[in-house]
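> Got a predicted structure here, sequence first:
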Amino acid sequence: IERMKGVPKEKQPEEGIKICVETIQKLKEIPGVRGIHVMAIEWEEKVVEIAKAAGLLPRPIPNS
């Protein structure tokens with residue numbers, strides 16, 4: 001929340017995507033995490049962009 005406060009209103013959507021991607025990348029480093037669920041309420045068209053930026057598309061092959 002503090003991070004978003006310092007961002008101009010017109011750049012907040014872009015910053016929100018960056019925060020989401022960074023969070024996904026951190027979650028991917030946690031042992032045992034096998035997936036994520038992105039809830040982009042009323043902004044569903046951005047899910048593919050987020051997934052690509054986070055390295056989730058094309059779908060990665062899981063390590064056994």
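Looks like it arrived, so ask away.

> which SS class is residue 18?
On the three-state scheme (DSSP: H, G, I helix; E, B strand; the rest coil), residue 18 is labelled helix.

> now the helices: where do they sit in this protein?
In the chain, the segments counted as helices under DSSP state H are 2-5, 12-28, 47-53.

> want to throw these into a markdown table with distance to residue 63, mean neighbour count and mean pLDDT?
Placement of C-beta: from N, CA and C, glycine included. Shown next, in a markdown table, are the helices of the chain (distance: least, Cβ to Cβ, whole Å; neighbours: other Cβ atoms under 10 Å; pLDDT from 0 to 100):
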| stretch | distance to residue 63 | mean neighbour count | mean pLDDT |
| --- | --- | --- | --- |
| helix 2-5 | 32 | 8 | 94 |
| helix 12-28 | 11 | 14 | 97 |
| helix 47-53 | 19 | 16 | 96 |
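
> how about these in a markdown table, adding distance to residue 36?
Formatted as a markdown table, those follow (distance: least, Cβ to Cβ, whole Å):
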| stretch | distance to residue 36 |
| --- | --- |
| helix 2-5 | 20 |
| helix 12-28 | 6 |
| helix 47-53 | 9 |
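
> Please work out which residues outside stretch 14-32 touch it.
Applying Cβ atoms under 8 Å, 6 or more residues apart in numbering, the external contacts of stretch 14-32 come out as 3-4, 7, 33, 36, 38, 46, 49-50, 53-56.

> can you rerun that using 6 Å?
The list of residues contacting stretch 14-32 from outside it, by Cβ atoms under 6 Å, 6 or more residues apart in numbering, reads 7, 33, 36, 50, 53, 54.

> Quickly check the residues you listed for the two that are furthest apart.
The largest distance within these, taken as Cβ to Cβ, falls between 7 and 33 and amounts to 27.8 Å.

> the more surrounded of these two?
Between residue 7 and residue 33, counting by other Cβ atoms under 10 Å, residue 7 is the more crowded of the two (15 against 11).

> Show the contacting residues for that one.
If a contact means Cβ under 6 Å, 6+ apart, then residue 7 has residue 15 as its contacts.
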